[in-house]
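# How does the following fold in three dimensions:
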Amino acid sequence: LPATRAKKTCFQYKAALCEFYSFLHERHVKECHISRRHIEIWLSSLESRGLKPMSRAQYIIRVRSHLEWMAEHGNLKKDPRHLIRICDILKCSKLLPRPFPPDLDREIQNSLCQSEDLFSMAVLLLRRTGIRIGELINLPWDCVKKDHNGNWSLKVPLGKMQNERLIPLGDDTVTLLKKIQTESRKISLESDRLIPNRFKDVTLYCKLRDVLRNIAKDLNTREALQPHRMRHSFATELLNGGMSLYSLMTLLGHRSIITTQIYAEVAQETIRGEYYQALDKVTAKYLLPQKSPLVEETLEPKQALADTISLLQKTCNEAKPEKQRKLRLLIKRMHRLKSELDDFAKAVSDL
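Residues are numbered from 1 along each chain as shown. Got it, this is the predicted structure:
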């Protein structure tokens, strides 16, 4: 795996296989004697541990990949596709982004702005830039860049999608980053990271998560405040502000616009505005103007006669010769009646 996969991916595979082999060791089962029954018991044990469907699916995929590798090298005689079947891999639900409600979002940012703590400022940086928490942990100390036009940007190194990107920064965010750099140097002069970490990255992640948990206690909210929801709020706010999906995709570091489109499903302000704009265009183009129910519709006799004469003339032109004579006489009578109505209308107007 290390030849083609990232270090973190290899660690995840190792963790899944260690768990699987611990299961086999407890039951004194050798890998060459694995049966479908053993796999079924293992799948049940994953469920009984309370693992989420996504975590269980990742365990199953990694172990299945390992069994296929063993079969290719002759260390497993049974078909790995029979041991772990496609139907065993859980179908995970599609979850929408969960941005903070606007009121709660403002309260969280105000609480973070009032704190001079390094980790509180780091969490505020998550909200203002929309970067992932893993990218924040790996940010170098000199991540702030200034171009030849005097514009400031945050250079995000290789992260989850293995791509670098630049995030434009406002004056407030530049000031925040300089404060973080100053506090970082007070903790460690030798660290090359923006957020110095004397322990493992997992410990730093827990510290950043605890900052939000403490804020939740102060705000008396029951919502789960997770650091990644900062990214959801950042993206939804920009989309509601009118940013295009392609620009947002570049800003968030997505490789596919399909991933970015998920945020459009929760950007209700944008959807509502576009809906009413489209509705106005449809109404103006296709729908007839509605008449007031208080005004009764009146029938104009002259217009009715004119329409009837026009219809009879068209019918006469298409009728057989023996019927045309009767239609012409009827049309003549209609013209006479129309002339009488004109005279009557003129007499009424003279009165």
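
# How far off centre is stretch 3-13?
Its chain's average C-alpha position is 27 Å from that of stretch 3-13, according to C-alpha atoms, centre = their mean, to the nearest Å.

# Can you tell me what sits against that stretch?
1-2, 58, 62, 65-66, 162 (C-beta atoms under 8 Å, 6 or more residues apart in numbering). For glycine as for every other residue, the C-beta is placed from the backbone atoms N, C-alpha and C.

# What residues of it count as buried?
12-13 (16 or more other C-beta atoms under 10 Å).

# Now that stretch: average pLDDT?
Mean per-residue pLDDT for stretch 3-13: 88.

# before we move on, back to that, and which of the contacts of stretch 3-13 is nearest residue 278?
Comparing these against residue 278 with C-beta to C-beta places residue 162 closest, at 38.8 Å.

# In terms of pLDDT, where does the closest one sit?
Here the pLDDT value assigned to residue 162 is 67.

# gap between residue 69 and residue 63?
Residue 69 sits 11 Å away from residue 63, going by C-beta to C-beta, to the nearest Å.

# do the same with residue 34
As for residue 34, its distance to residue 63 is 10 Å (criterion: C-beta to C-beta).

# Lowest mean pLDDT among the helices and strands of this protein, which one is it?
When each helix and strand of the chain is scored by mean pLDDT, DSSP states H and E, helix 268-286 comes last, with a mean of 65.

# Just list what the following helix or strand past that one packs against, helices and strands only.
With elements assigned by DSSP states H and E, the helix or strand that comes after helix 268-286 is helix 301-318. Where contact means 3 or more C-beta pairs under 8 Å, 6 or more residues apart in numbering; DSSP states H and E, helix 301-318 is packed against helix 321-350.

# And the helices in the stretch 51-200 of the chain?
In the stretch 51-200 of the chain, the helices defined using DSSP state H, counting those that start in this stretch lie at 53-72, 80-83, 102-113, 118-129, 133-137, 171-187.

# chain center to the longest one: distance?
Using C-alpha atoms, centre = their mean, we find the averaged C-alpha position of helix 53-72 to lie 28 Å away from the chain's own average C-alpha position.

# check contacts around residue 230.
By C-beta under 8 Å, 6+ apart, residue 230 lies in contact with 100, 123, 126-127, 130.

# Pull out the buried positions in the host helix or strand of it.
Here residue 230, judged by DSSP H and E, is contained in helix 228-240. By neighbour count with 16+ other C-beta under 10 Å, helix 228-240 contains the buried residues 229-240.

# Could you check which of residue 69 and residue 63 has the larger neighbour count?
A side-by-side neighbour count of residue 69 and residue 63, using other C-beta atoms under 10 Å, places residue 63 first with 23 against 13.

# Hmm, residue 18 and that one touching each other?
No: Residue 63 is beyond contact range of residue 18, at 10.9 Å (criterion: C-beta atoms under 8 Å).

# Quick check: buried residues in stretch 155-174?
156, 159, 165, 167, 169, 173.

# what's it in contact with?
Contacts for stretch 155-174 (C-beta under 8 Å, 6+ apart): 6, 125, 128-132, 134-135, 138-140, 143-145, 151-154, 177, 250-251, 253-255.

# got a pLDDT number for the closest residue to residue 76 other than its chain neighbours?
Of all residues not flanking residue 76 in the chain, residue 70 sits nearest, at 4.0 Å (C-beta to C-beta, 6 or more residues apart in numbering). For residue 70, the pLDDT comes out at 91.

# what about residue 70, neighbour count?
Close neighbours of residue 70, defined as other C-beta under 10 Å, add up to 17.

# Mind picking the lowest-pLDDT entry from the buried residues of stretch 155-174?
residue 159 (62).

# Would you confirm that residue 42 contacts residue 23?
Yes: Residue 42 lies in contact with residue 23 (C-beta under 8 Å); the separation is 5.3 Å.

# More neighbours: which of those two?
residue 42 (20 against 16).

# What are the contacting residues of the strand or helix carrying the more buried one?
Using DSSP H and E, the element containing residue 42 is helix 36-48. Contacts of helix 36-48 from elsewhere in the structure, counted by C-beta under 8 Å, 6+ apart, are 20, 23-24, 27, 29, 56, 59-60, 82-84, 88.

# Those, buried ones only, as a ChimeraX selection?
To isolate the buried subset of the contacts of helix 36-48 in ChimeraX, counting by 16+ other C-beta under 10 Å, use the following:
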select :20,23,29,56,59,60,83,84
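
# export the contacts of helix 36-48 to JSON lines and tack on pLDDT and distance to residue 116?
Shown next, in JSON lines, are the contacts of helix 36-48 (pLDDT from 0 to 100; distance: C-beta to C-beta, whole Å):
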{"residue": "20", "pLDDT": "94", "distance to residue 116": "47"}
{"residue": "23", "pLDDT": "93", "distance to residue 116": "48"}
{"residue": "24", "pLDDT": "93", "distance to residue 116": "52"}
{"residue": "27", "pLDDT": "91", "distance to residue 116": "55"}
{"residue": "29", "pLDDT": "89", "distance to residue 116": "56"}
{"residue": "56", "pLDDT": "91", "distance to residue 116": "42"}
{"residue": "59", "pLDDT": "93", "distance to residue 116": "42"}
{"residue": "60", "pLDDT": "93", "distance to residue 116": "46"}
{"residue": "82", "pLDDT": "90", "distance to residue 116": "60"}
{"residue": "83", "pLDDT": "92", "distance to residue 116": "56"}
{"residue": "84", "pLDDT": "92", "distance to residue 116": "52"}
{"residue": "88", "pLDDT": "88", "distance to residue 116": "51"}
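
# Kind regards, and thank you for your time.
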